[in-house]
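Dropping a prediction and its sequence here:
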Amino acid sequence: MKLWGGRFRDEENALMEEFNKSFDFDSVLYKQDINGSLAHIYMQVQVGLLNEEEGKLISDGLKSIEKDIEDGVLCLDGNYEDIHSFVEINLIKRIGEVGKKLHTGRSRNDQVAVDMRLFAKEKAYEILEYIENLKATLKEVGKNNPIIMPGYTHLQRAQVVTFKHHLMAYYNMFDRDARRVKNAIGILNESPLGCGALAGTTHNIDRSITCNKLGFKKPVDNFMDGVSDRDYLLELMSDFSIIMMHLSRLSEELILWSSQEFKFIEIDDLYSTGSSIMPQKKNPDGAELIRGKTGRVYGNLISLLTVMKGLPLAYNKDMQEDKEGFFDSVNTLSMCLQIMSRMIATLKVRADNMKNAVKSGFLNATEVADYLVNKNIPFRDAHGIVGQIVIYCEDNDKSIEDLSLEELLQFSDTFEEDIYNFIEYENILDKGIKVNLR
Ligand code: ARG
């Protein structure tokens, strides 16, 4: 059954009907669609387009549809074009003629626009909760593990850091992500309901009533923009892509750290899988899947950017393509954030391996140079001297702290016994602004 059949002589071609349908994927919007309609009906009563009795009949009908969907009495299937048709057709089936008044002063264009904004806002808040959870987990695990470990640049051992500081780097990334998502919510928080198809309506509707009822900050300023704006989905999907990029970087580290080569951590059995042939294997699949799923979240963003790039104002059916990608990105990101929190909360930290790894790779070389600077040697010269010391150590298979004072004095006569204390790995972190690493 079609809502728009009046001006057509022929039935829609079956393949075209299938092609045009969005019900298979937009049925998840049933709550938002019904809430949007309830607000629209409330407003219609307020402005006198419906009398109280009609308003009550329609509202009760809408609420009964929602309840029956939730109770599994009314199934979201059947041959409907989209969720809007599903709700309206079922409403008329339930309450009869008066149900046909629901759509006065409204178009599916502003209807779908308001549904998607409500959905996007709700999901963005859910994602914020998952981010806060992950941040709290990173902070807690960091606090419990102020262990020294090698810090890397170019994946080469560079300087001593702590596991806590390393995790808190991600905490800061996710904190920025949360602020980005909040900002996107602030921008999208305007109601498009009442824009009509593109040019408003001759009825004296009151957009501020539906706006307030639905919890938006204000009605959109421009009708044509209101029905055809999908920026908020692009903005959220950009934010989601950045979050996935952060999750993917963290996943990469978890994968590396849990390898035999690093052995810094062990991912809990709960978030690992085995091999069907190699009995010894424990694979970091949780982290690998997060890294892998980053691709589809980027893909969904690029896909909608491409859909939108050549569209004339106002609504075009191309915009129906906003849904599957956005829903997929929301589901993927929600899952990844939860899995990451759990993986971090349960991982075993191999403190001894982290501490031991600090001892090779000359992680205190920069601090030897700092020591020489304290002895009034210009930094560039100090850098050169320590470079020579490193070559000497490599040739003799020693660490800098293993060298005797006599050996060190061959490179600079400013070395004194206090050098050993100065470059001791734990002590390094108590000097200067390095205390921030603690
Ligand atoms: N399923 C459509 C969408 O997602 C709903 C809006 C339909 N509007 C229209 N003029 N055909 O965009």
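Received it, and whenever you're ready, just let me know what you need.

what about the closest residue to the ligand within the stretch 201-350 of the chain, how many neighbours?
The minimum distance from the stretch 201-350 of the chain to the ligand, using CB to the nearest ligand atom, falls at Q320 (3.7 Å). To be clear about C-beta, it is placed using only N, CA and C from the backbone, and glycine gets the same treatment. For Q320, the count of nearby residues is 17 (other CB atoms under 10 Å).

now do H203
Counted with other CB under 10 Å, H203 comes out at 15.

One more: P146?
14.

close enough to count as contact, it and K164?
Yes - under the criterion of CB atoms under 8 Å, P146 makes contact with K164 at 4.6 Å.

How about the contacts made by the nearest residue to K139 once chain neighbours are set aside?
Excluding the flanking residues, the one nearest K139 by CB to CB, 6 or more residues apart in numbering is Y171, at 5.8 Å. Y171 is in contact with K135, L138, K139, G142, counting by CB atoms under 8 Å, 6 or more residues apart in numbering.

if you set the cut-off to 6 Å instead, what comes out?
K135, L138, K139 (CB atoms under 6 Å, 6 or more residues apart in numbering).

Out of those residues, flag the one nearest to W257.
Using CB to CB, L138 comes nearest to W257 of the contacts of Y171, at 14.6 Å.

what helix or strand is that closest one on?
helix 108-144 (DSSP states H and E).

Show me the strands in the stretch 151-300 of the chain, by range?
156-162, 190-191, 218-219, 265-266 (DSSP state E, counting those that start in this stretch).

ok, and what's touching stretch 87-104?
Outside of stretch 87-104, the residues within contact range by CB under 6 Å, 6+ apart are M1, D33, L49, E54, L57, I58, G61, I65.

Let's see that with 8 Å instead.
1, 3, 30, 33-34, 37, 40-41, 44, 49-50, 54, 57-58, 60-62, 64-65, 74, 80, 203.

again, but for stretch 40-50
If you take CB under 8 Å, 6+ apart as the criterion, stretch 40-50 is touched by 51-52, 54-55, 58-59, 62, 101-102, 104-106, 193, 203-206, 209-210, 213.

rewinding a little: the contacts of Y171, buried ones only, as a ChimeraX selection?
In ChimeraX syntax, the buried subset of the contacts of Y171 is picked out as below (16 or more other CB atoms under 10 Å):
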select :135,138
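
a markdown table for the contacts of Y171, including pLDDT and distance to the ligand?
A markdown table is the format used below for these (pLDDT from 0 to 100; distance: CB to the nearest ligand atom, whole Å):
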| residue | pLDDT | distance to the ligand |
| --- | --- | --- |
| K135 | 99 | 34 |
| L138 | 98 | 38 |
| K139 | 98 | 41 |
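
need the contacts of Y171 in TSV with distance to S258, can you?
Putting those into TSV (distance: CB to CB, whole Å) gives the following:
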residue	distance to S258
K135	22
L138	17
K139	21
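
Closest to M237 out of the contacts of Y171?
Out of those, the member with the shortest distance to M237 (by CB to CB) is K135, at 21.3 Å.

Pull the contacting residues for that closest one.
Y171, F174, D175, A178 are the contacts of K135 under CB under 8 Å, 6+ apart.

and with 10 Å instead?
Contact analysis of K135 by CB atoms under 10 Å, 6 or more residues apart in numbering lists M168, Y170, Y171, N172, M173, F174, D175, D177, A178, S341.

Was I right to think the fourth one contacts L138?
When you say that, I think you mean N172. Yes - contact criterion CB atoms under 10 Å: N172 and L138 qualify, at 9.5 Å.

Now do the helices for the stretch 201-350 of the chain: every range, in order, please.
Secondary structure of the stretch 201-350 of the chain by DSSP state H, counting those that start in this stretch: the helices cover 207-213, 223-228, 231-257, 285-308, 322-346.

Same list (the ones you listed) but as TSV, adding distance to the ligand and mean pLDDT.
Listed next are those as TSV, based on distance: least, CB to the nearest ligand atom, whole Å; pLDDT from 0 to 100:
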stretch	distance to the ligand	mean pLDDT
helix 207-213	18	98
helix 223-228	9	98
helix 231-257	12	98
helix 285-308	11	98
helix 322-346	6	98
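
Need those helices in a markdown table (columns: mean neighbour count and distance to F19).
A markdown table is the format used below for the helices of the stretch 201-350 of the chain (neighbours: other CB atoms under 10 Å; distance: least, CB to CB, whole Å):
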| stretch | mean neighbour count | distance to F19 |
| --- | --- | --- |
| helix 207-213 | 20 | 32 |
| helix 223-228 | 22 | 22 |
| helix 231-257 | 21 | 22 |
| helix 285-308 | 18 | 16 |
| helix 322-346 | 20 | 14 |
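
how about CSV for those, with distance to D395 added?
Formatted as CSV, these follow (distance: least, CB to CB, whole Å):
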stretch, distance to D395
helix 207-213, 75
helix 223-228, 70
helix 231-257, 29
helix 285-308, 39
helix 322-346, 41
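
Between the strands of the stretch 151-300 of the chain, which one is closest to L408.
Proximity to L408 (CB to CB) singles out strand 156-162 among those, at 19.8 Å.

in its sheet, what does that closest one sit against?
Strand pairing for strand 156-162, determined by DSSP bridges: strand 148-153 (antiparallel).

List the contacts of the partner strand.
Contacts to strand 148-153, defined as CB under 10 Å, 6+ apart, come from residues 156-166, 169, 253, 256-257, 262, 264, 349, 351, 353-361, 363, 425-426, 428-429, 437-438.

Select from the contacts of K135 the one having the most neighbours.
D177 (24 neighbours).

for the ligand, what are the nearby residues on the chain?
Counting by CB under 6 Å from any ligand atom, the residues of the chain lying close to the ligand are S22, D26, D82, R108, N109, V112, Y315, K317, M319, Q320.

Nearest to I302 among these?
Closest approach between these and I302, by CB to CB: M319, at 16.3 Å.

Tell me, how many residues neighbour the closest one?
Close neighbours of M319, defined as other CB under 10 Å, add up to 22.

correct me, but it touches V307?
Yes - M319 is within contact range of V307, at 7.2 Å (criterion: CB under 10 Å).
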